[in-house]
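Asks: Okay, predicted coordinates and the sequence, questions at the end:
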Amino acid sequence: MLAQFQSAMSSVYNGWVLFACIIYSFGAYPSLAMKLTSLRKFGLLRAACWLAILASLYVFSIGVHQAIDWHNPLAGKEAQVAGTVHNAKGGLVILLIMVWPYALMLVGGMIGHLSIRDLLRLRRVT
């Protein structure tokens with residue numbers, strides 16, 4: 001079953017789609033949800049919530065796919081990496097690279113939870 005999951009996720013993985021889902025999750029969805037709520041466009045808000053749910057499922061499943069056979073690309077290079085990082089932002093980027101699949105799972109779960117919560121709240125309003 002694990003091999004079937006791996007082959008299915010390998011066939012649907014696309015870096016640009018992952019990038020678009022992450023941008024929609026963090027950039028477009030929160031502002032779009034607030035704007036549509038203030039305009040009382042509940043049909044469009046429902047569609048935005050469903051799109052956010054689909055995006056979060058994709059991000060979470062790609063995170064699981066990458067975590068199955070994940071190896072740290074910076075393993076054994078701690079001294080070399082420490083010499084190249086000169087500010088806090090660089091350290092955050094290095095940390096993100098080290099935990100990339102787990103960060104994807106966290107982002108996917110968080111955005112999925114928020115969009116499902118918004119969809120259920122929308123169900124009570126209309």
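Replies: Received it, and whenever you're ready, just let me know what you need.
Asks: Please make it C-alpha for all contacts and neighbour counts, starting now.
Replies: OK.
Asks: ok, Ala48 touching Ala33?
Replies: Yes. Under the criterion of C-alpha atoms under 8 Å, Ala48 makes contact with Ala33 at 7.2 Å.
Asks: Please pull out the lowest mean pLDDT helix or strand from this protein.
Replies: helix 78-84 (a mean of 58; mean pLDDT, DSSP states H and E).
Asks: And the host helix or strand of Ala20, how far out from the chain middle?
Replies: Applying DSSP states H and E as the criterion places Ala20 in helix 15-23. Distance of helix 15-23 from the chain centroid (C-alpha atoms, centre = their mean, to the nearest Å) equals 8 Å.
Asks: and the next element down the chain from that helix?
Replies: helix 29-39.
Asks: rewinding a little: now the helix holding Ala20: mean pLDDT?
Replies: Here helix 15-23 scores 89 as its mean pLDDT.
Asks: likewise stretch 109-126?
Replies: Here the average pLDDT along stretch 109-126 is 87.
Asks: Now find how far off-centre that stretch is within its chain.
Replies: 17 Å.
Asks: contacts for that stretch?
Replies: For stretch 109-126, contacts defined as C-alpha atoms under 8 Å, 6 or more residues apart in numbering pick out 25, 42, 46, 49-50, 52-53, 56-57, 60.
Asks: In that stretch, which residues are buried?
Replies: Going by neighbour count (16 or more other C-alpha atoms under 10 Å), the buried part of stretch 109-126 is 109, 111-112, 114-115, 118-119, 122.
Asks: same check, this time on stretch 46-66
Replies: 46, 48-66.
Asks: If we go by neighbour counts, what in the helix holding Ala20 is buried?
Replies: Of all the residues in helix 15-23, those buried under the rule 16+ other C-alpha under 10 Å are 18, 21-22.
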